[in-house]
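Peer 1: kindly return the folded structure for what I paste below:
(one chain, ligands or ions: 1)
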Amino acid sequence: MINGKEDILSLDEASLANFLENEPSYRVKQVYSWLHKGCAFEEMTNVPKALRERLEKEAVIASPSIEKKLVSKIDGTVKYLYKLYDGQCVESVIMKYEHGYTICVSSQAGCKMGCAFCASTKDGYARDLLPSEIEGQILVSQRDLWIRISNVVMMGIGEPLDNYDNVIGFLKNINSEDGLNIGLRHVSLSTCGLADRIRDLANEGLPVTLSVSLHHSNDSDRSALMPVNRRWNIDALLSACNYYFEKTGRRISFEYAVIGGVNATEEKAKALAKLLHAKLDRDMPFHVNLIPVNPVRETGFKSTRKEVDEFRATLEKCGVNATVRRRLGSDINASCGQLRRQALGESI
Ligand code: SAH
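Peer 2: A predicted model of the protein is given here:
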């Protein structure tokens, strides 16, 4: 509920049927499919006026509104600052690849996780996003840009597994045939490593691609960079990854932000390769995605192209499949958390 009204875009089809009480199932389907096209009640032209008026009175569509939009002159990447119903702001980025459009969505306003290098956590945590507010980022972007988004990455602001129920609700809704109908194989969920929740996710039977933010290969260094490691250490995390693979058969990708002077040496690359070979199931396909660290004001972290390339070469030599993340939208601050910080009055 939002201000006493039903948060209608968050409901799955069965709950919507419940809310619509005595409406026939074809009507429920119509309303559901209008909602998940990003339409307002008054646009639901084949829905009787009386029902539209009831919806207007009793329900609310909690899609975010566009507060700011930046378009990269280099590669067409679009970044939105979205305003939620209570004034909170989050960010989304839309990137064009050969196979179509990918959106990076936010799952929380702010973040509790406290990773040392991350802009999204610097101003703390405000609240979880509702399923409607996560999906709304896709719906509003699609309508604004006149495109169909086919891939979703949950790598924006927030820790998706720390907003578990709403994220699951969101995934089920975007997967629905009467809704966006996005195959869950086209969805990547990135986590800083909430091992218990990775196990829960494995048990959901939703074949999303899991990305795990590792960034270090030993516990003392990882705990210093990522406080979550004190709760679930590397062993606990990788054993949850094995469980995820056993249950879903999906390959896992490990994110590693290369940070000069912190985790970027040849020795660190070898240690990472050794760790993954030793701890992951023999038959599990995995790869490492290297991210040149994005500078964030108070951290001083940076890396050079040479450091990243050498790190990658060492991993490959050690038999680990590694890619370097392309930097898209570098002229519009496309890396996450930066616009929200500006909106909060911070300089970056
Ligand atoms: N909370 C989730 C998803 C959001 S962050 C997670 O931690 O995975 C998405 C990715 O960007 C994560 O791998 C995160 O560690 C990384 N990241 C955050 N800040 C970064 C920075 N300044 N430079 C490079 N990567 C960063």
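Peer 1: just want the most central residue of this structure.
Peer 2: Taking CA atoms, centre = their mean, the centroid of the chain lies closest to residue 154, which sits 1.1 Å from it.
Peer 1: so for stretch 267-281, mean pLDDT?
Peer 2: Averaged over stretch 267-281, pLDDT sits at 98.
Peer 1: for that stretch, buried residues please.
Peer 2: Buried residues in stretch 267-281, counted by 16 or more other CB atoms under 10 Å: 268-273, 275-276, 280. Heads up, the C-betas are built off the backbone N, CA and C, glycines and all.
Peer 1: same check, this time on stretch 147-164
Peer 2: Quick answer for stretch 147-164 (16+ other CB under 10 Å): 149-164.
Peer 1: now do stretch 101-116
Peer 2: Across stretch 101-116, burial judged by 16+ other CB under 10 Å covers 101-111, 113, 115-116.
Peer 1: what strand or helix carries the nearest residue to residue 68 once chain neighbours are set aside?
Peer 2: Spatial nearest neighbour of residue 68, excluding adjacent residues (CB to CB, 6 or more residues apart in numbering): residue 81 at 3.9 Å. Remark: residue 81 resides in strand 78-83, with elements defined by DSSP states H and E.
Peer 1: picking that back up, tell me which residues touch the residue nearest to residue 68, please.
Peer 2: 66-69, 89-91, 339-340, 343 (CB atoms under 8 Å, 6 or more residues apart in numbering).
Peer 1: just those residues that are near the ligand?
Peer 2: Filtering those for proximity to the ligand by CB under 6 Å from any ligand atom leaves nothing.
Peer 1: the ligand contacts on the stretch 51-200 of the chain?
Peer 2: 115, 117-118, 155, 159, 190-192.
Peer 1: surely residue 30 meets residue 47?
Peer 2: Yes. Counting by CB atoms under 8 Å, residue 30 touches residue 47, with 6.0 Å between them.
Peer 1: render the CA-only coordinates of stretch 116-133 in PDB, please.
Peer 2: Provided in PDB are the C-alpha atoms of stretch 116-133 (Å, rounded to 0.1, in the frame of the first residue of the first chain):
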ATOM      1  CA  ALA A 116      34.700   1.200   0.500                       C
ATOM      2  CA  PHE A 117      34.900   2.000  -3.300                       C
ATOM      3  CA  CYS A 118      31.200   2.400  -4.000                       C
ATOM      4  CA  ALA A 119      29.400   5.800  -4.500                       C
ATOM      5  CA  SER A 120      25.900   4.300  -3.700                       C
ATOM      6  CA  THR A 121      26.600   3.600  -0.100                       C
ATOM      7  CA  LYS A 122      28.400   6.800   0.900                       C
ATOM      8  CA  ASP A 123      25.300   8.600   1.900                       C
ATOM      9  CA  GLY A 124      23.800   5.500   3.600                       C
ATOM     10  CA  TYR A 125      20.500   3.800   3.100                       C
ATOM     11  CA  ALA A 126      17.100   5.400   2.700                       C
ATOM     12  CA  ARG A 127      14.700   2.600   1.800                       C
ATOM     13  CA  ASP A 128      13.900  -0.500  -0.300                       C
ATOM     14  CA  LEU A 129      12.300  -0.100  -3.700                       C
ATOM     15  CA  LEU A 130       8.900  -1.700  -4.400                       C
ATOM     16  CA  PRO A 131       8.600  -4.200  -7.200                       C
ATOM     17  CA  SER A 132       6.600  -1.500  -9.100                       C
ATOM     18  CA  GLU A 133       9.400   1.000  -8.600                       C
END
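Peer 1: for it, buried residues please.
Peer 2: Quick answer for stretch 116-133 (16+ other CB under 10 Å): 116-123, 125-126, 128-133.
Peer 1: okay if I get the residues of the stretch 51-200 of the chain next to the ligand as TSV plus pLDDT?
Peer 2: Converted to TSV, these look like this (pLDDT from 0 to 100):
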residue	pLDDT
115	96
117	93
118	92
155	96
159	98
190	98
191	98
192	98
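Peer 1: between those residues, which is closest to residue 319?
Peer 2: Of all these, residue 319 sits closest to residue 190, with 24.2 Å by CB to CB.
Peer 1: what secondary structure does the closest one sit in?
Peer 2: Judged by DSSP: H, G, I helix; E, B strand; the rest coil, the three-state class of residue 190 is strand.
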